[in-house]
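Trainee: Sequence plus predicted model, see below.
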Number of protein chains: 2
Amino acid sequence: MIPNNVAIIGLGLVGGSIGLATRAMLPQVATTGWDANPDVRRRAAERGLVANVCETAEEAVRDADLVILCVPVGAMGEAAAAIAAAVPSGAIVSDVGSSKRSVGDAIAKALPGATVIPAHPVAGTEKSGPDAGFAELFRHRWCIVTPPADAPAEAVAAVSDFWEGLGAKIEIMDPAHHDVVLAVTSHIPHLIAYTIVGTASDLEDVTRGEVIKYSAGGFRDFTRIAASDPTMWRDVFLTNRDAVLEVLGRFTEDLTALQRAIRNGDGDTLFELFERTRAIRRSIIEEGQDDARPDFGRSDH
Amino acid sequence: MIPNNVAIIGLGLVGGSIGLATRAMLPQVATTGWDANPDVRRRAAERGLVANVCETAEEAVRDADLVILCVPVGAMGEAAAAIAAAVPSGAIVSDVGSSKRSVGDAIAKALPGATVIPAHPVAGTEKSGPDAGFAELFRHRWCIVTPPADAPAEAVAAVSDFWEGLGAKIEIMDPAHHDVVLAVTSHIPHLIAYTIVGTASDLEDVTRGEVIKYSAGGFRDFTRIAASDPTMWRDVFLTNRDAVLEVLGRFTEDLTALQRAIRNGDGDTLFELFERTRAIRRSIIEEGQDDARPDFGRSDH
């Protein structure tokens, strides 16, 4: 059953997109919202990200049957504490954080007795802030719901139904497993992208102008990821430390093996890997998780 | 002065795109072409990648005043040797290879006395083969020309004018410097992308299906790069070994520092880097080398 009143705390890219998507695809649902930053609240009201932008977090959640915390994962506990006095006793509290074990713990600790159903829509762009959101962000994307073991089935269904209403596909997953899967598919790719962009801008032999001019050779794809919100990503790495370090260790081993292959002129090892990785790309296109148009239409302009 | 007769050896993504772009934007230029693979020749003729698909390399270059070798960088010397007997004495021989020192040497060695003007259009997609090319590939992209010190000025101008005619912007560069710049902006990004895609597919705790399903969190951008032509990229790493290993060493140092910051919970170091890398992205958009549309319109479908 889809909730009647949804409150969104944090009106950046994801929170704003949830609001816009709800208003467009679930018009029967009342939407309220709040953001800690008054400039964001004003801009959210101008864009109509939610029907009612409130002046306090308490006011936003007062009538909610579903509250969604859309703040950086390091701020989830604080955001939950700020609504503790006002959130209705029957309401479900959810979130959109990219690491789930620590976030679930933080929210549950701040809201003892509340029904907490953490979730993570696997969708985003490199933009952030109240101007970045759009209603289509979650369409055909996966939303991973990570309920605690004792979660009421109807609460899990309510969160799932809501996200399906926004166009997402649902997967129920153990929080610890989520954190490993996302370390691989999202956190390590971001860490690597941030690193190479930093490395490139610190070289003495190559100017920053050159890096920018010739970025179409591959580098630009990394800069897109490395333009993602710094606060959000700092918090992801700090809250999903164990899984990130584990996967990073594997990556470093594999990179060292390739380094040795290059040093030794071992073309067969390189070719074998490069051939194998193509198959994964094909599967992603087939699964509808990416677009096969040449160059993403970048050559259109 | 733009050449009158252009011969393209190798009719994959880049060779095919040069042919299509020439026919569309420089219709006065006669185009011939050849590919070692008979299936590619047949498909090239069907698509009209060049006006005249020849049955031998010698036939393709017989009347050319500009020959462009569009084969993997490891095959350049062989491709040059195959046309040595037929290439007209006044013709310019150029190429499109992604590493320039070794390729320039290989072509010059196979064609003693010929006017060799190596070049590298910094453009591409993850597709390869005779169906991958399109006329707009080089528009607004840089083409780096790396003439030897004693190259005739009019030959450098002819190659430059030709590429400008296809919509590219020209930069003249020393071959050794080219190889370092491209190691940073293209070769290392590809190596890292291939590595992380391989790492992800080898994990025991996370299934390949999960990696594919949740790839929208960042991983999919890497798979696009890691779907690039395996032969081409094997050769790039083997022929630009020194610059690749040098930049890879820097990258590994920087990654180790971030690993330590995550282990120690040092959020300031992470935030400082993540904030800094955003500025580079902005410059790339401003320079017209990428597209700022949210999610590259991936959410359209």
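Mentor: Cool, got the structure.
Trainee: Find the residue ranges of the stretch 101-250 of chain A scoring beneath the pLDDT cut-off.
Mentor: Judged against pLDDT under 70, the stretch 101-250 of chain A has no low-scoring part.
Trainee: which residue ranges form the strands in chain A?
Mentor: Counting by DSSP state E, chain A has strands at residues A:5-9, A:30-34, A:52-53, A:66-69, A:92-95, A:115-116, A:119-121, A:142-145, A:169-172.
Trainee: With distance to B:Ala216 and mean neighbour count as extra columns, can I get those strands in a markdown table?
Mentor: Any C-beta I mention is one placed from the backbone N, CA and C, and that applies to glycine too. Listed next are the strands of chain A as a markdown table, based on distance: least, Cβ to Cβ, whole Å; neighbours: other Cβ atoms under 10 Å in any protein chain shown:
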| stretch | distance to B:Ala216 | mean neighbour count |
| --- | --- | --- |
| strand A:5-9 | 21 | 26 |
| strand A:30-34 | 24 | 24 |
| strand A:52-53 | 29 | 20 |
| strand A:66-69 | 19 | 28 |
| strand A:92-95 | 19 | 27 |
| strand A:115-116 | 25 | 24 |
| strand A:119-121 | 9 | 26 |
| strand A:142-145 | 7 | 23 |
| strand A:169-172 | 11 | 16 |
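Trainee: Compare the ones you listed and report which one is nearest to chain B.
Mentor: The closest of those to chain B is strand A:142-145. By Cβ to the nearest Cβ, the value is 5.7 Å.
Trainee: Only alpha carbons, please: show the closest one as CSV.
Mentor: Only the C-alpha atoms of strand A:142-145 are listed here, as CSV (Å, rounded to 0.1, in the frame of the first residue of the first chain):
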residue,chain,number,x,y,z
TRP,A,142,17.0,-0.6,-8.8
CYS,A,143,16.0,0.4,-5.3
ILE,A,144,17.6,-1.9,-2.7
VAL,A,145,15.5,-2.2,0.5
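Trainee: how about A:Phe222, what does it touch?
Mentor: A:Ile192, A:Ala193, A:Ile196, A:Val197, B:Pro189, B:Asp221 (Cβ atoms under 8 Å, 6 or more residues apart in numbering or on different chains).
Trainee: right, is the top helix by length along chain A up against chain B?
Mentor: For chain A, the helix that runs over the most residues, judged by DSSP state H, is helix A:241-263. Yes - Helix A:241-263 comes into contact with chain B (Cβ under 8 Å from any Cβ of the partner chain), by way of A:241, A:244-245, A:247-248, A:250-252, A:254-255, A:258-259, A:262-263.
Trainee: residues making contact with that helix?
Mentor: With Cβ under 8 Å, 6+ apart, helix A:241-263 has contacts from A:179-180, A:182-184, A:187-188, A:191-192, A:237, A:266-267, A:269-270, A:273, B:191-192, B:194-196, B:198-199, B:202-203, B:237-238, B:241, B:244-245, B:248, B:252, B:255, B:259, B:262-263, B:265.
Trainee: Also stretch A:203-216?
Mentor: So stretch A:203-216 is contacted by A:200-201, A:219, A:223, B:122-124, B:141-142, B:144, B:171, B:177, B:180-182, B:184-186, B:247, B:250, B:280, B:283-284, B:287, B:289-290 (Cβ under 8 Å, 6+ apart).
Trainee: repeat that for 7 Å
Mentor: Contact partners of stretch A:203-216, identified using Cβ atoms under 7 Å, 6 or more residues apart in numbering or on different chains, comprise A:200-201, A:219, A:223, B:122-123, B:141-142, B:180-182, B:184-185, B:250, B:280, B:283-284, B:287, B:289-290.
Trainee: Give the buried residues for that stretch.
Mentor: For stretch A:203-216, a neighbour-count test (16 or more other Cβ atoms under 10 Å in any protein chain shown) marks A:Leu203, A:Val206, A:Glu210, A:Val211, A:Ile212, A:Lys213, A:Tyr214, A:Ser215, A:Ala216 as buried.
Trainee: how about those residues in CSV, adding distance to B:Pro88?
Mentor: What follows is these, written out as CSV (distance: Cβ to Cβ, whole Å):
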residue, distance to B:Pro88
A:Leu203, 42
A:Val206, 38
A:Glu210, 36
A:Val211, 39
A:Ile212, 39
A:Lys213, 34
A:Tyr214, 33
A:Ser215, 37
A:Ala216, 33
